[in-house]
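K.L.:
Here is a sequence with its predicted model. Questions after.
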Amino acid sequence: MAQVSPEIYKTIEENDIEKVVFSDPFSEVARKSKRNLIVSGFIGLLVSLLNLEINGFLGLKATNINLSNDIVQGLAFFIIIYFFLSFIFQAYIDYSAWKFKREKQLTQPYFDLVSLMESRINVTGQHFKNTTFRFDSILEDDGMQAQIEASKQIATARKVIESSATQFSSFVDEINPLLTHWKDTIAKMDNLSLRLKVRFINLWVLDIAFPLIVSATALYLCSSSIPALFLKLTS
């Protein structure tokens with residue numbers, strides 16, 4: 001009788017760990033927030049470093065005066081702050097909910113196999129324990145009836161042990177191909193680990209650190225123009 005379920009056997013046999021593609025932790029909303037943050041950050045850098053002045057925006061043109069660079073930097077500061085906070089919140093929400101669903105599906109059968117092996121070993125050990133625990137008390141009595149009872153117990157124990165040994169041997173034969181496949185899978189884990197490290201480096205450097213550094217630099221450069229903006233708004 002098969003002791004490993006067909007589902008576990010099929011999943012492990014068909015498992016190819018090299019085909020793992022790590023899911024993107026960020027939703028489309030977070031990606032748009034990052035894109036807006038990078039664009040606004042670069043605009044803030046250009047405005048602050050090149051002292052740009054604006055005389056129009058989205059088809060609207062100021063006919064009399066240009067917006068001074070201080071005003072532009074002050075406006076850029078608050079726009080960047082908005083996208084900065086939006087990205088921070090969206091990135092945190094998505095990253096905290098990031099789950100390797102595909103990877104868990106690939107590794108779960110191995111956990112099931114380990115549980116099955118532990119269960120079979122425990123059952124076999126319990127069989128041996130149950131068949132031998134009365135031997136000491138029986139062998140202490142030298143009477144004829146005790147010897148007959150001991151013979152019966154030994155015969156019963158022999159049958160149980162032989163049955164357990166047969167079942168365990170069948171179980172070993174059944175899981176050996178799975179263990180071989182497992183060994184091959186472990187050999188491939190180095191490549192998977194390297195890919196996971198590269199994925200995390202790309203995630204933290206390009207997707208998180210880079211837009212935050214660009215926007216933080218732009219905020220620092222534009223922050224000095226906030227008083228001029230408030231003065232313009234209150235004048």
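P.N.:
Received the coordinates, thanks.
K.L.:
which is the next helix or strand following the worst-scoring helix or strand of the chain on mean pLDDT?
P.N.:
Ranking every helix and strand in the chain by mean pLDDT, DSSP states H and E puts strand 60-61 at the bottom, with a mean of 50. Where DSSP states H and E defines the elements, the next helix or strand beyond strand 60-61 is helix 69-96.
K.L.:
packing partners for that next one?
P.N.:
If you count contacts as 3 or more C-beta pairs under 8 Å, 6 or more residues apart in numbering; DSSP states H and E, helix 69-96 packs onto helix 28-50, helix 210-222, helix 226-234. Using the backbone N, CA and C atoms, a C-beta is placed for each residue, glycine as well.
K.L.:
Quick check: longest helix in this structure by residues?
P.N.:
When the chain is parsed with DSSP state H, its longest helix is helix 144-187.
K.L.:
which secondary structure elements does that helix contact?
P.N.:
helix 6-14, helix 101-132, helix 135-139.
K.L.:
go again using 6 Å as the cut-off
P.N.:
helix 101-132, helix 135-139 (3 or more C-beta pairs under 6 Å, 6 or more residues apart in numbering; DSSP states H and E).
K.L.:
Below-threshold pLDDT in this structure: ranges please.
P.N.:
The chain contains residues with pLDDT under 70 at 1-22, 53-67, 99-108, 127-128, 131-150, 186-192.
K.L.:
Could you confirm Pro25 falls within a helix?
P.N.:
No: under DSSP: H, G, I helix; E, B strand; the rest coil, Pro25 sits outside any helix and is assigned coil.
K.L.:
List the contacts of it.
P.N.:
By C-beta atoms under 6 Å, 6 or more residues apart in numbering, the residues touching Pro25 are 94-95, 98.
K.L.:
Select only the buried ones of those in ChimeraX?
P.N.:
Selection of buried members from these for ChimeraX, criterion 16 or more other C-beta atoms under 10 Å:
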select :94
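K.L.:
just the contacts of Pro25 now: which is nearest Asn36?
P.N.:
Of all those, Asn36 sits closest to Asp94, with 15.6 Å by C-beta to C-beta.
K.L.:
How many residues are close by the closest residue to Ile38 other than its chain neighbours?
P.N.:
Using C-beta to C-beta, 6 or more residues apart in numbering and skipping the chain neighbours, the partner closest in space to Ile38 is Pro211 (4.8 Å). Neighbours of Pro211 under the rule other C-beta atoms under 10 Å: 24.
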